[in-house]
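J.: what's the 3D shape of this:
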Amino acid sequence: MQRRTFLLAGTAALLLPLPATADGPGRAMLYKNPQCGCCEGYAAYLRENGFEVDVKATNDLAEISRKAGVPEDLEGCHTMFIDGYVVDGHVPVNVVRKLLSEKPAIAGITLPGMPMGSPGMAGTKTEVFTIYAVTKDGKPPAVYATE
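T.: Got it, this is the predicted structure:
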């Protein structure tokens, strides 16, 4: 009987989801303001590009961003956590992938505000997007990428 239990437990363990590998990102948790529709658009954009995203509405978005180390003047309209990083705002997917593949020693990245034409936002892109690195050591953010 013990052998049967052991075999069943071992088989069940094989059916559990595996952690993220180099082939793909882990599951993302996106926090947004309950009234925000563009954040749902951003989550859909990420899903279309192969990411698994859970969305949670919250009235504490500024506090979540602050605790993640995102400077107030660089906050986006939503805050996402993925593979140990914070991704704030409508960051293009290729920059998110760059972050996850390079694994820099930073807290994450942010695209401040709600730039027109950014992923999940309506309109045509009219400017270069500047994505900033969110540091872990309190140093001023530096440019991580431009798009």
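
J.: Show the subsequent helix or strand relative to the lowest-mean-pLDDT helix or strand in the chain.
T.: None of the helices or strands of the chain scores lower by mean pLDDT, DSSP states H and E than helix 2-15, at a mean of 40. Sequence-wise, the next helix or strand downstream of helix 2-15 (DSSP states H and E) is strand 28-32.

J.: Return the list of strands paired to that next one, each annotated with direction.
T.: Neighbouring strands of strand 28-32 in its sheet, by DSSP bridges, are strand 53-57 (parallel), strand 78-82 (antiparallel).

J.: Neighbouring strands - and their directions - for the following helix or strand past the last one?
T.: Read that as strand 78-82. Remark: after strand 78-82, the chain's next helix or strand is strand 85-88, criterion DSSP H and E. Strands adjacent to strand 85-88 in the sheet, as given by DSSP bridges, are strand 78-82 (antiparallel), strand 108-110 (parallel).

J.: Please work out the average pLDDT along strand 85-88.
T.: Taken as a whole, strand 85-88 has a mean pLDDT of 98.

J.: For the nearest residue to A57 once chain neighbours are set aside, what are phi and psi?
T.: Using CB to CB, 6 or more residues apart in numbering and skipping residues adjacent in sequence, the residue nearest A57 is P34, 4.0 Å away. For the C-beta atoms, the positions are set from N, CA and C on the backbone; glycine is no exception. Backbone torsions for P34, taken as degrees, to the nearest 10, come to phi -60, psi -30.

J.: any idea how far P34 lies from K136?
T.: For P34, the distance to K136 equals 30 Å [CB to CB, to the nearest Å].
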